[in-house]
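Engineer: Make a model of this:
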Amino acid sequence: IMRIAWSVTIIAFALQVIAMGMRWYIAGHAPWSNAYESIVFIAGATIVAGLVLARKSPFTLGATALLGGITLGVAHMNFVNPEITNLVPVLKSYWLMIHVATIISGDGFLGLGSILSLLVLVLFIIRGENGHSNIDKSIKELSSIAEMSLIIGLFLLTVGNFLGGVWANESWGRYWGWDAKETWAAVTILIYATVLHLRFIPKFNNPYVFNVASLWAYSSVIMTYFGVNYYLSGLHSYAAGEPVPIPNWVYYGIAGLIILTLLSYRNRKMSKN
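Structural biologist: As a prediction, this is how the structure comes out:
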């Protein structure tokens, strides 16, 4: 079964790469210059993250396929325009390929860490108060993989932001200007740095706290991408679309995550072994 799952995932990823390559050829520039293209790229980056880490656990491959599919679904929602557009002057730079690709790749790894943490919280609910050896083993295993994914994602996000500063200096004559996108990118870096350092605080050094923090930290990535692009203005407005009403499923999703966090809380205690 795992061989089939690996084969299907790799074939699907290969088809996506081919499609992006064709779009690159038709457009004449890297296919991550607008909302549709960048979301599709994030889906691809998520699959890459899963393929890199999936050998550690079969759950990882399923999680990355699920998140990749959901991300592609978002790319084809009504408010996302799939049309190939001409580049605005500031994007006609080799930095488009380097800076944006690095940032988006980091989002893929952070997304995988988040979906794995969601799965871990589900396992906390299933394990019950007395625990179960196999479930506890899976919780620790997936928590370790999620942490590795966050470390890689944070590294790429940080490097991408430094590269963005170099590009900003070439384009606008300054490395940093507290633009909305820049500010939220910095907030995201600080949040994930905090998540990854929680284990150094004795009271927070447990899988439950880490996975709750990892799950909710991804909201900063969503805010940096969708919130800034669609609801805030700034120098990155070339990546924005028309303001759209917040879909009802967003509120339902937040409510669901709150319930998941609370239900898993009662079974949070695990043995140190």
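Engineer: SS state for the residue lying farthest from the centre of the chain?
Structural biologist: Within the chain, residue 130 marks the point farthest from the mean C-alpha position, 33.0 Å out by Cα atoms, centre = their mean. Put simply, residue 130 is coil when judged by DSSP: H, G, I helix; E, B strand; the rest coil.
Engineer: Enumerate every residue touching the one residue sitting closest to the centre of the chain.
Structural biologist: The centroid of the chain falls nearest to residue 111 when counting by Cα atoms, centre = their mean (2.7 Å). Neighbour list for residue 111: 42, 46, 49, 67, 71, 153, 218, 221 [criterion: Cβ atoms under 8 Å, 6 or more residues apart in numbering]. No exception for glycine: its C-beta is placed from N, CA and C like everyone else's.
Engineer: try 10 Å this time
Structural biologist: Contacts of residue 111 were listed using Cβ atoms under 10 Å, 6 or more residues apart in numbering, and they are 42-43, 45-46, 49-50, 63-64, 67-68, 70-71, 149, 153, 218, 221-222.
Engineer: Against which helices or strands is the helix or strand of the chain with the lowest mean pLDDT packed?
Structural biologist: Comparing every helix and strand of the chain by mean pLDDT, DSSP states H and E singles out helix 228-231 as the least confident one, with a mean of 76. Applying 3 or more Cβ pairs under 10 Å, 6 or more residues apart in numbering; DSSP states H and E, we find helix 228-231 packed against helix 35-53, helix 180-197.
Engineer: Turn those into TSV, including mean neighbour count.
Structural biologist: What follows is the helices and strands packed on helix 228-231, written out as TSV (neighbours: other Cβ atoms under 10 Å):
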stretch	mean neighbour count
helix 35-53	24
helix 180-197	18
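Engineer: The residue farthest from the centre of the chain and residue 122: what is the separation?
Structural biologist: With the distance defined as Cβ to Cβ, to the nearest Å, residue 130 ends up 18 Å from residue 122.
Engineer: Residue 254 now?
Structural biologist: Using Cβ to Cβ, one gets 17 Å for the distance from residue 254 to residue 122.
Engineer: and if you look at residue 74?
Structural biologist: Counting by Cβ to Cβ - residue 74 and residue 122 are separated by 22 Å.
Engineer: neighbour-wise, which of these two wins?
Structural biologist: A side-by-side neighbour count of residue 74 and residue 122, using other Cβ atoms under 10 Å, places residue 74 first with 17 against 13.
Engineer: Please list all residues in contact with the more buried one.
Structural biologist: Counting by Cβ under 10 Å, 6+ apart, residue 74 touches 35, 36, 39, 40, 42, 43, 80, 226.
Engineer: Surely the fifth one and residue 153 touch.
Structural biologist: No: using Cβ atoms under 10 Å, residue 42 and residue 153 do not qualify as a contacting pair, with a distance of 11.4 Å.
Engineer: who touches both of these two?
Structural biologist: Overlap between the neighbourhoods of residue 42 and residue 153 consists of 105, 106, 107, 108, 110, 111, 221, taking contacts as Cβ under 10 Å, 6+ apart.
Engineer: Could you measure from the residue lying closest to the third one once chain neighbours are set aside over to residue 49?
Structural biologist: Put plainly, it is residue 107. The shortest distance from residue 107 to any residue that is not its chain neighbour, by Cβ to Cβ, 6 or more residues apart in numbering, is 5.2 Å, and that residue is residue 42. With distances defined as Cβ to Cβ, the gap from residue 42 to residue 49 amounts to 10 Å.
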